[in-house]
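Student: When you get a sec, could you give me coordinates for this:
(chains A, B and C)
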Amino acid sequence: MSLRPLGDHLETLRTDSPLVHCITNYVAMNSTANVLLAAGASPAMLHAPEEVAEFTAISAALSINIGTISSHWADAMLTAVATADQHAIPWVLDPVAVGATHYRQSLCQQLLAFNPCVIRGNPSEILALCGLDSRGRGVDSTAHTDDAIAAAITLAQQQRCVVAMTGEQDIVTDGNNHYAIAGGHPLMPRVTTLGCGLSALVAAFVAARVEAPLGATAAALSCFAIAGQRAGSTATGPGSFQVALLDALYQLTPDDLTTHSQLETVDVF
Amino acid sequence: MSLRPLGDHLETLRTDSPLVHCITNYVAMNSTANVLLAAGASPAMLHAPEEVAEFTAISAALSINIGTISSHWADAMLTAVATADQHAIPWVLDPVAVGATHYRQSLCQQLLAFNPCVIRGNPSEILALCGLDSRGRGVDSTAHTDDAIAAAITLAQQQRCVVAMTGEQDIVTDGNNHYAIAGGHPLMPRVTTLGCGLSALVAAFVAARVEAPLGATAAALSCFAIAGQRAGSTATGPGSFQVALLDALYQLTPDDLTTHSQLETVDVF
Amino acid sequence: MSLRPLGDHLETLRTDSPLVHCITNYVAMNSTANVLLAAGASPAMLHAPEEVAEFTAISAALSINIGTISSHWADAMLTAVATADQHAIPWVLDPVAVGATHYRQSLCQQLLAFNPCVIRGNPSEILALCGLDSRGRGVDSTAHTDDAIAAAITLAQQQRCVVAMTGEQDIVTDGNNHYAIAGGHPLMPRVTTLGCGLSALVAAFVAARVEAPLGATAAALSCFAIAGQRAGSTATGPGSFQVALLDALYQLTPDDLTTHSQLETVDVF
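Tutor: The predicted model follows:
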C-alpha cells in the first residue's frame, strides 16, 4: 500500500485548523495546547459532565490521555468517547502508564470498547494493553521497541485501529501495513509530556481526513520526528529544546514534511 | 475624558506587588502566574471551599477564568466573587468559550450578578455574553472585532463595568468612553492562554487603584500590546515568542508604557 | 560532621534515575516534571484513591506539595505519605502558604504525623509550621531568612527530619548540623513554582540514598543554586531564565556540583 505524500495532511490541517477536544492530564495540558497551536490546529480542553458531550459533538477530533486520571475525569472520558463513537468523530487514546496499576488497565479496557481511531503509546504501554508483561515503571518505557512490534500489530488487528508506538524508533501500523519512522532527538524524553502532545497532534492530523488514519498518523509522527531533529540541532538542553521544538513545528511546511520524512515499510514475517 | 499616563499604573503595580488571587483553568495556571510575576505582581492560586473566602478577603484583586470549569470549581468561583463583592475587592471575569455550551452561559450569568470590575474576552465571548449569536467555536474567536464593538459597549453599560475585548485590535470601554489599543503580534494567538494571562494582568493593574478601572485596564492591555510587539520582533515561532514575551513584560518600564502605548479614542455614533 | 562530596549524590541520581512520585499543585506540575527530567530523575504524577498507594509503594521517593489543595487531593496525600512511611520510602513536604489559611495549617499538622524526611519551605512557611507568626502573604515569603533560622532548627528537632529553608540564602539543617548555601539569582522568585520543583528535586536526591538526607538535601539545593547562577548570567528576563535553568540543570556534572557548591557550616550559639 502506498501512502499519499505526508505533506498533504499538514496542508489540510493548516487550512482547516481542526478543533481538537483534549481531555488530558494536568501535566500535559499547557504543552499539548501549545503543540497543537504551533502546528496549526485549534485545541480546546473541557470535561464537565454538564457540557462534555455537547462539546465533543462539535469537535473535529478527540484526544484522550489518562495520565492523572481520577474517577470524575474517567467519567468525562467515557462520555466523550461514547459521543465521538456515535458521531463518527475520530479519537485517539494515550494510555499513559497503563501497566503501572490495575486501575489504569481497567479504565483502558472500558475506553477501548468505544473504538479508538488511533492508540499512541510507548512500548511498555502497548505491551500492557495487549495483556503482556510491560516491565514498565511509571510513565517511562523500559521495553525495547523491537520486542514490542508484534504486540503493536496484534493490538491494531484486535482493535481494528491504528497503533503508533513511539520511542527511539517509531512504528505505526494498522495491523496490515507497518511503517517505521526515524528522526527525533535524544533530548525528547528529557522534556515532559511531549508524547502526550504528539497524541493530540495525531488527533489533529486524523481530523483532516485526507486519507485513512494510517497515513495521517504517519504524518503526525513524521512532523514530530523532523521538528525534533531540527530542535536538537540548536538546543543546549531540555529547556531550549522545548522552545525550539514549538518553533520548528510552526516553521515546518507541507513540502518539508513530504521531503524530509524518514518513513520505511516494515516487513513482518 | 483623559486618562492618567499609563505608566503611572505600572509604577504603582511594581511598588505594591499586589496579591492577585487567581481561580483559573488548568491550562493557564502556570503561564498566568508567570505573566503576573514578570510584570511585578504576586499571584496566588487556591480554590478549596475550606479556605477560598478567607483568602479572597486578603487579596488585592481576584481573577476568575472559566476555561476548564466543573461544578466544584464553579462553587469556588461563586464563593470568591461573593467575597470580593462584599469587601469591594475588584475582580475580573474571563468568560472562556462562553458561547460554546449552555453550561458556560448559565455559569457566567450567575457570576455577573456579583459585579465584576472588568470583563475581558474575545469578540465571540463578548457577543455571547450579550445574548447575541457568537459564532464562536471552542476557545477561538471567529467574530470580527468591528462587529462586536457595539456589544462590548452595551455589556459595559448593562453591567456597569469595564469591558476589554481583545483580538487583532483591542477595545476597552466603560460604556461611556471607548479606546482602541494597537500593537501585539500575529504569533500571539499561536501561544496558548495568553488571553487568560492578560485577564489576570488586568486584575493586577486594577488592584493598583491609581484611577478608575478604565485606565488600569487600558494600561494592562497596552503592556501586553507593547511586550507582544517586542517579543515578535525577535521570535522565530510560538516557543521563542512566549519566552520573549515574559522577558519583555519584565523589562518594560513605566516610561516605556506611557511613551509607546498606541491608545486612541473610539467615537461611536 | 563532614558531608560526602555533593557530586556523589548527583552521580548516583544520574545512574539510578529514581522514580519520584509527585503529588503537587496544578501550577507546578509541568515545571516540576521538567526539573526532575533535566536533572536526571523520573517523575510520575498520579493521585486517584484507586491507585495512589499501589504506586507510592513502587516509587523511590515521594514529593508532597499542598499549593492548590482540596479535600480529594488531601486524602490522596495522606494515603501516599502513610504508604511511604510504612515502606520506609523517603518523602518531602512542601507546605506552600501554610500560614495563609487555617485549612493549610490543619492539613500540614496531619501530614507531619507521617514522618517526612525533609521539609522544604520559605521562611514564612517554616515559621508558620513552628506555630509562630509567619507574616506570610500568599505564597511569597516576607520573613527575613535570618529571623527564621532558629525556627528551622527547632522544626528539624521536633520532627526529627531535615529542614531546608530557601530564600536569598538557603539553610539546611537536621537539627544538629546546619549549613548555609549561597548562589542562585534575583530572577528566581520571578519564575513561578521553582521552589516546588526544588522540593521534588530534593526528593530525587534523597532517593539516591548516598548518605543521610542532610547531605542529599544540601546537594539538591546546591544544584539549584549553581544552575540558577549560570542561568542568570545569560537570561534577559524570567522567560529566558526558566529555559536556561533547565539547560543548566541538565548540563551540570557531578564534578561541577562538588567544585562549585558554596556550602558553609552555620554555627548557632
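Student: Can you report how many residues neighbour A:Glu211?
Tutor: 13 (other C-beta atoms under 10 Å in any protein chain shown). C-betas here are computed from N, CA, C, even on glycine.
Student: So it sits against A:Leu3, correct?
Tutor: Yes - with contact defined as C-beta atoms under 8 Å, A:Glu211 reaches A:Leu3; the gap is 7.2 Å.
Student: Show me what the one helix or strand A:Arg120 maps to is in contact with.
Tutor: If you go by DSSP states H and E, A:Arg120 is part of strand A:118-121. If you take C-beta atoms under 8 Å, 6 or more residues apart in numbering or on different chains as the criterion, strand A:118-121 is touched by A:90, A:92-96, A:98, A:126, A:129, A:155-156, A:159, A:161-166, A:195, A:198-199, A:202-203, A:206, A:213, A:217.
Student: Just to be sure, which of these are found in helices?
Tutor: Taking DSSP state H as the definition of helices, the contacts of strand A:118-121 contribute A:126, A:129, A:155-156, A:159, A:195, A:198-199, A:202-203, A:206, A:213, A:217.
Student: dump the residue contacts of the most centrally placed residue in chain A.
Tutor: By C-alpha atoms, centre = their mean, chain A has its centre lying nearest to A:Ser199, at 2.0 Å. Going by C-beta under 8 Å, 6+ apart, A:Ser199 touches A:Ser63, A:Asn65, A:Val92, A:Leu93, A:Asp94, A:Arg120.
Student: sec struct for the first one, please.
Tutor: When states are read from DSSP: H, G, I helix; E, B strand; the rest coil, the local structure at A:Ser63 comes out as strand.
Student: Show me which residues of chain A are close to chain C?
Tutor: Counting by C-beta under 8 Å from any C-beta of the partner chain, the residues of chain A close to chain C are A:25-28, A:30-31, A:67-71, A:97, A:100-104, A:137-140, A:189-193, A:235-240, A:242-243.
Student: now do 7 Å
Tutor: Contacts of chain A with chain C, taken as C-beta under 7 Å from any C-beta of the partner chain, map to A:26-27, A:30-31, A:68-71, A:100-101, A:103-104, A:137-140, A:190-193, A:236-240, A:243.
Student: Now list the buried members of those residues.
Tutor: Among these, those buried by neighbour count (16 or more other C-beta atoms under 10 Å in any protein chain shown) are A:26-27, A:30-31, A:68-70, A:100-101, A:103-104, A:137-140, A:190-193, A:236-240, A:243.
Student: Secondary structure element for A:Ile171, which one?
Tutor: strand A:170-173.
Student: Return the list of helices and strands in contact with that strand.
Tutor: Counting contacts by 3 or more C-beta pairs under 7 Å, 6 or more residues apart in numbering or on different chains; DSSP states H and E, strand A:170-173 is packed against helix A:145-159, strand A:162-165, strand A:178-182, helix A:213-234.
Student: try 10 Å this time
Tutor: strand A:118-121, helix A:145-159, strand A:162-165, strand A:178-182, helix A:213-234, strand A:262-265 (3 or more C-beta pairs under 10 Å, 6 or more residues apart in numbering or on different chains; DSSP states H and E).
Student: so what's the closest residue to chain B within the stretch 51-200 of chain A up against?
Tutor: Closest contact between the stretch 51-200 of chain A and chain B, by C-beta to the nearest C-beta, is at A:Glu51 (3.9 Å). Counting by C-beta atoms under 10 Å, 6 or more residues apart in numbering or on different chains, A:Glu51 touches A:Ala76, B:Ile69, B:Ser70, B:Ala97, B:Ala100, B:Thr101, B:His102, B:Tyr103, B:Arg104, B:Leu107.
Student: mind checking the backbone torsions on the first one?
Tutor: Right, the one you point to is A:Ala76. The phi/psi pair for A:Ala76 (degrees, to the nearest 10) reads phi -60, psi -40.
Student: Could you tell me how many residues sit around A:Cys130?
Tutor: The number of residues packed near A:Cys130 is 18, by other C-beta under 10 Å.
Student: The spatially closest residue to it that is not a sequence neighbour: neighbouring residues, count only.
Tutor: Using C-beta to C-beta, 6 or more residues apart in numbering or on different chains and skipping residues adjacent in sequence, the residue nearest A:Cys130 is A:Ala151, 4.4 Å away. Per other C-beta under 10 Å, the neighbour tally for A:Ala151 reads 22.
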